[in-house]
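**Q** show me how the following folds:
(chains A and B)
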Amino acid sequence: MALQEKYKELIDTATAQGVNNLNVREQEGVLYIDGDASGSIKQQLWDTYERLDPNYSSGDLVMNINSIAGVTEGSKLKVTTNSSNLNIRSGPSTDADIVGKAARHEVVTLVSKANDQWWEIKTDDGEAGYSYTQYLTPL
Amino acid sequence: MKNLTMKTTAFLVALVMMAATFTGCKSGPKDDAIKAAVETALLANPHIAGAAVVVEKGVATLSGQVPDDATKADIDKTVAAIPGVKSVVNNIAVVADTPSVAVAATDMLTNAVKDATKDFPTVTATVNDGVITLKGEIQKTNLQKLMMALNALKPKKIDNSQLVIK
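**A** Have a look, this model is predicted:
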């Protein structure tokens, strides 16, 4: 229960913001917070977490807020890499071959979701394959 | 008894498939690619613990633990639908008393962590028993992005106390 006290502000914020499927539980000295929310609520929760533990160095919280759960097939996604092109691969893993690239800020289409880390996408040029969701932002 | 029959049938199907593949031509995704896809599918399921898969000639043999029969059947269906999977040998055990927090299996978590840290070459990550340990160094501005990605992988814990934040 001590961890729920430590991260009370985070849990309260998640509750107040209406995070869907919010699940908070504590096990073996680690607090787990899971749920679905928009990208902006996810950012707000992470900024709150960072305020409570500036470098996330306590190792006592695993927070998985999924901001991409509500994105449907056919949605448009913007490539939001730091600077480079986004690799498009033949399978949902960095072990899979690179079969194409999408430019930074190019808009692509969601074909299907393999999981929360890898989505199958296609570009307007017809290149298709799997890309890492961390670099895709729903429009 | 029914279960045994199903297993036997699955085994025979697997044998026939293997025989067919030995004589037939190679087509479809390679076993490694299929294995990666199956691991991804298993990783996406929060109810499976200690999951592992071996793919040989398109035959996916699954092991691990799930809390109920419905989840086992569901996994069977999901894996069978993955392109390149010719048949599924489902050796997943149904154990009612699964811990409430589902932690990703180590080798799957290791692969997912490798993907997530790829863009942060100054960071080294190791995975042991569901715990991700980070070492090396990272710019403060990139830390939140890295932590977001790692927190989404269902680890038991993330230890970045040895990571130098610049």
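**Q** domain assignment for chain B?
**A** Domain assignment of chain B by automatic domain parsing yields the ranges B:2-94, B:106-165.
**Q** so which of those domains gets nearest residue A:29?
**A** Among those, the nearest to residue A:29 by CB to CB is domain B:106-165 (8.2 Å). All C-beta spots, glycine's among them, are computed from the backbone N, C-alpha and C.
**Q** please, which helix or strand holds the residue nearest in space to the middle of chain B?
**A** The centroid of chain B falls nearest to residue B:39 when counting by CA atoms, centre = their mean (3.0 Å). According to DSSP states H and E, residue B:39 maps onto helix B:31-44.
**Q** give me the contacts around that helix.
**A** Residues outside helix B:31-44 that contact it (CB atoms under 8 Å, 6 or more residues apart in numbering or on different chains) are A:90-93, A:95-96, A:114-118, B:29, B:48, B:51, B:53-58, B:60, B:62, B:64, B:75, B:78-79, B:82-85, B:104-105, B:107-109, B:111-112, B:153-154.
**Q** how far off centre is it?
**A** The chain centre lies 6 Å from the centre of helix B:31-44; the measure is CA atoms, centre = their mean, to the nearest Å.
**Q** residue B:112 versus residue B:121, what's the distance?
**A** 17 Å (CB to CB, to the nearest Å).
**Q** quick one: which of these two has more around it?
**A** More neighbours surround residue B:112 than the other of residue B:121 and residue B:112, with 28 against 8 (other CB atoms under 10 Å in any protein chain shown).
**Q** quick check, the more buried one in contact with residue B:151.
**A** No: the criterion here is CB atoms under 8 Å, and residue B:112 misses it with residue B:151 at 11.7 Å.
**Q** name the SS class of residue B:115, please.
**A** helix (DSSP: H, G, I helix; E, B strand; the rest coil).
**Q** get me the contact residues on chain B for chain A.
**A** Neighbours of chain A within chain B, by CB under 8 Å from any CB of the partner chain: B:29, B:32-33, B:36-37, B:39-41, B:43-44, B:99-101, B:111-112, B:114-116, B:118-119, B:143-145, B:147-149, B:151-161, B:163, B:165.
**Q** any of those buried? List them.
**A** Taking 16 or more other CB atoms under 10 Å in any protein chain shown as the criterion, what is buried in the residues of chain B next to chain A is B:29, B:33, B:36-37, B:39-41, B:43-44, B:101, B:111-112, B:115-116, B:119, B:143, B:145, B:147-149, B:151-160, B:163.
**Q** so who does residue 73 touch?
**A** Since you didn't name a chain, this refers to chain A. Listed by CB under 8 Å, 6+ apart, the contact partners of residue A:73 are A:110, A:111, A:112, A:113.
**Q** part of a strand, is it?
**A** No: applying three-state DSSP, one finds residue A:73 to be coil, outside a strand.
**Q** and it, how far from residue B:37?
**A** For residue A:73, the distance to residue B:37 - CB to CB - is 18 Å.
**Q** same thing with residue A:125?
**A** To residue B:37, residue A:125 is 25 Å away according to CB to CB.
**Q** how about the lowest-mean-pLDDT helix or strand in chain A against chain B, any contact?
**A** Across the helices and strands of chain A, the lowest-confidence element by mean pLDDT, DSSP states H and E is strand A:136-138, at a mean of 89. No: using CB under 8 Å from any CB, strand A:136-138 never reaches chain B; the gap is at least 12.5 Å.
**Q** what's in contact with that strand?
**A** A:39, A:68, A:71, A:75-80, A:86, A:108, A:110, A:119, A:121.
**Q** redo the residues you listed as CSV? Include distance to residue B:70 and neighbour count.
**A** Shown next, in CSV, are those (distance: CB to CB, whole Å; neighbours: other CB atoms under 10 Å in any protein chain shown):
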residue, distance to residue B:70, neighbour count
A:39, 33, 12
A:68, 26, 21
A:71, 27, 18
A:75, 30, 15
A:76, 35, 11
A:77, 33, 23
A:78, 38, 15
A:79, 38, 21
A:80, 38, 12
A:86, 37, 22
A:108, 35, 24
A:110, 28, 21
A:119, 27, 23
A:121, 31, 23
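**Q** just the closest of the residues you listed to chain B, please.
**A** Taking CB to the nearest CB as the measure, chain B lies nearest residue A:68 of those, at 9.6 Å.
**Q** longest helix in chain A, please.
**A** Of all segments of type helix in chain A, defined using DSSP state H, the longest is helix A:39-52.
**Q** which parts of the following helix or strand past it are buried?
**A** Counting by DSSP H and E, the next helix or strand C-terminal to helix A:39-52 is strand A:61-66. Under the neighbour-count criterion of 16+ other CB under 10 Å, strand A:61-66 has A:61, A:62, A:63, A:64, A:65, A:66 buried.
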